[in-house]
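> any chance you can model this:
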Amino acid sequence: MNKLLKYIFCLFVFALPLFFIPNDYFSQDLGRTFFLIIFSSTLLFYQFIDIIKSKKYSYNFSNIFKLSSVFFAITFLSFIFSKNTSLSLWGRGAESFISLISIFIIFYFSRLIKKEDILSILEFFVSGVAISVILFLFKIFTGVELELFNNLSSLSIIVSVALVILISFAFKNIKFFKDKKNYNIAKVSSLGFFSILFLIFLVIVDYRLSWLLILVGTFFVFWGIIMETKFNFKRKKVIFSSLLLVLFLFLFFFPIPFSKKIDESRLSYDHSFLIAQKSLIESPKNFILGSGLGTYSYQFSLYKDKNINLIAPNYIFSEGSAPFLTFIVTLGLFGSLSLFILILIVFKQGFKKFIVENDSIFPVIFCLSLPFFFYRVDVFLIMLFFFFLGLSEDQIKESDNKGERIVKPIFFLMILFFSFSVFTFLNYIRSDIYYKKSISYFKNGESINKVIAMMDKSENLFVLSDYSVSLSSLYLLKAEEYFEEKWVSKEKKEEQRALIEENVLKAENYIKKASEIDPNNFRVWQRMGLLYENVDYLIGDKKEEIVSSYEKAKLLAPQNCDIYVSLGNFFVENKDNEKALVEYRSALNLNCYEEEIKEKIKKYEQ
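As a prediction, this is how the structure comes out:
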């Protein structure tokens, strides 16, 4: 069975990098999460077969494993007490409970990999990265714009990790440095080809964090060689490794002039700290367990500084400037602190072991820990950190003589849960495909009925507020189409009136449904206010609903000036200039649309 586990992991790490190449069918984040769920389910099934064959199944759990278990247990509690449990479970991107529990399962099983199988798994990982890079270069040279590649920076980080593995592998395993009789031309040729391929990619992208990771990884290799050769600087390994170190040091500090830079929109560290601080003191629950996985956008809307997003005040960040600053908000102090302590202990034990044995895995783990402080939440990078941590556990774990038996019912329940997850996520992916088709139909001028039919399929397959909001907007457009038609006879006018009311009612029902699905999302309430403004002239008086919807949106996003402007405009239309001025002045204090709002204030003060 252990051989089967090795083959499963080889296939997994080979396929993993391919999910960084963009596709036209569904979201990359959904594809990655689904990939993790499928792989976790496969591992659980593997364990299920193994348990059936053996009556007892026990392991010695290290301190690293116990600390990791604490972190994942806190994510479970955060999910249970989340502001939106559905969002925390499935997520709209990388940060979701289903992703993190899948990572824990992968981490658990990666600990079972035999030491002699690690090299084979790493070779498959590097080969998968190489194929991803080749596909990327093919797309670039065939005219695909660099901006179309989502998460290109994540791929850049994975390429840098693969290059660190190659460098470590070259200096530790290839014998031609010592004896030319052992020169393996096939191995050295593939090593050289992959290294050049990765360098071409990294030069094209020129992402600073990637060069930092390679620099750190090369430094560890250089340090290991120095310790190995006992400061004998005449050795070839020392010369080659020092030259590489100088090269990557230069590439890190001096940007490449002809490269294509990645321009990522990211929240600043100062603002991330501000939102984390305000979110922690919101309530004891937030302090301990956070607002819930995937709910960062709620906290951002509540606590963002008025100077953020002056150009696009309606733009919302869904995460902080680094995973730790995101986890402080979504997992609370306990969750972020448990992860921080875990990384510190990994560093402590890993450094100690690296100095003694110069192992190849610890430099990779160290490099993958840096994105926790300098990058954003990326499900695959977090997974790779725990995956390599599991591979190295036999090298850095502390002995624990107490074996803990795996309880069979737990595995049976997890298999059922992940079977349900696979089915549900398939529907999620299908709904995302229909959603994109619906948007494409709308942009291409297809009939409103065809657009609604496609959006209906999305809404029926998976519960998401975005789908309900979109359907609400579409039915409102359909009602407006009927309103603009010129029907002459009395019967036709009655029919027209009935059709308008029917579609307005559907629009209202869907926006109400969205507010029930996602009650902490200010955009839903803002959209509801806009809907009632349109309905107000179609079928009757909705003034009370308009004001209450905008007021709810203001409570959830007090620093968003668009809401104040919309409410001010509504009061102007209803001849209530005093209330309009209050809203306009509030918007002016938020430092956006200054000239436009100043003119409005000047006009209605008279």
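> how about the nearest residue to residue 86 once chain neighbours are set aside, secondary structure?
Distances taken as C-beta to C-beta, 6 or more residues apart in numbering place residue 463 nearest to residue 86, at 6.7 Å, with adjacent residues excluded. C-beta here means a position set from N, CA and C on the backbone, and glycine is covered the same way. Put simply, residue 463 is coil when judged by DSSP: H, G, I helix; E, B strand; the rest coil.
> got a pLDDT number for residue 463?
In this model, residue 463 is scored at 89, pLDDT.
> count of residues packed around it?
17 (other C-beta atoms under 10 Å).
> from residue 382, how far off is it?
Counting by C-beta to C-beta, to the nearest Å, the gap between residue 463 and residue 382 amounts to 26 Å.
> again, but for residue 451
37 Å.
> and the two? Which one has more around it.
residue 451 (24 against 20).
> what sits against the more buried one?
Counting by C-beta atoms under 8 Å, 6 or more residues apart in numbering, residue 451 makes contact with 438, 441, 442, 474.
> how about the nearest residue to the second one, chain neighbours excluded?
Meaning residue 441. residue 451 (4.8 Å).
> that neighbour: helix or strand, and which one exactly?
Following DSSP states H and E, one finds residue 451 within helix 448-461.
> contacting residues around the helix or strand just after that helix?
Under the assignment DSSP H and E, the closest C-terminal helix or strand after helix 448-461 is helix 465-484. With contact meaning C-beta under 8 Å, 6+ apart, helix 465-484 is reached by 431, 435, 438, 442, 448-449, 451-452, 455-456, 458-459, 496, 499-500, 503-504, 506-508, 510-511, 513-515, 517-518, 521, 523-524, 527, 531, 534-535, 538.
> what's the angle between helix 465-484 and helix 448-461?
For helix 465-484 against helix 448-461, the angle by axes from the mean of the first three to the mean of the last three C-alpha atoms, to 10 degrees is 150 degrees.
> export helix 465-484 to PDB, keeping only CA atoms.
What follows is helix 465-484 as a C-alpha-only set of coordinates in PDB (Å, rounded to 0.1, in the frame of the first residue of the first chain):
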ATOM      1  CA  SER A 465     -25.700  35.800  -3.400                       C
ATOM      2  CA  ASP A 466     -24.000  36.900  -6.600                       C
ATOM      3  CA  TYR A 467     -26.400  34.700  -8.700                       C
ATOM      4  CA  SER A 468     -29.500  36.000  -6.900                       C
ATOM      5  CA  VAL A 469     -28.400  39.600  -7.300                       C
ATOM      6  CA  SER A 470     -27.700  39.000 -11.000                       C
ATOM      7  CA  LEU A 471     -31.200  37.500 -11.500                       C
ATOM      8  CA  SER A 472     -32.700  40.400  -9.600                       C
ATOM      9  CA  SER A 473     -31.100  42.800 -12.000                       C
ATOM     10  CA  LEU A 474     -32.000  40.800 -15.100                       C
ATOM     11  CA  TYR A 475     -35.700  40.600 -14.100                       C
ATOM     12  CA  LEU A 476     -35.700  44.400 -13.400                       C
ATOM     13  CA  LEU A 477     -34.300  44.900 -17.000                       C
ATOM     14  CA  LYS A 478     -37.000  42.700 -18.300                       C
ATOM     15  CA  ALA A 479     -39.700  44.700 -16.400                       C
ATOM     16  CA  GLU A 480     -38.200  47.900 -17.900                       C
ATOM     17  CA  GLU A 481     -38.400  46.500 -21.400                       C
ATOM     18  CA  TYR A 482     -42.100  45.800 -20.900                       C
ATOM     19  CA  PHE A 483     -42.600  49.300 -19.400                       C
ATOM     20  CA  GLU A 484     -41.000  50.900 -22.600                       C
END
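> show me how far stretch 466-486 is from its chain's centre.
32 Å (C-alpha atoms, centre = their mean, to the nearest Å).
> list the buried ones in it?
For stretch 466-486, the neighbour count (16 or more other C-beta atoms under 10 Å) marks 466-480, 482-483 as buried.
> that stretch - what's its average pLDDT?
Computed over stretch 466-486, the average pLDDT equals 88.
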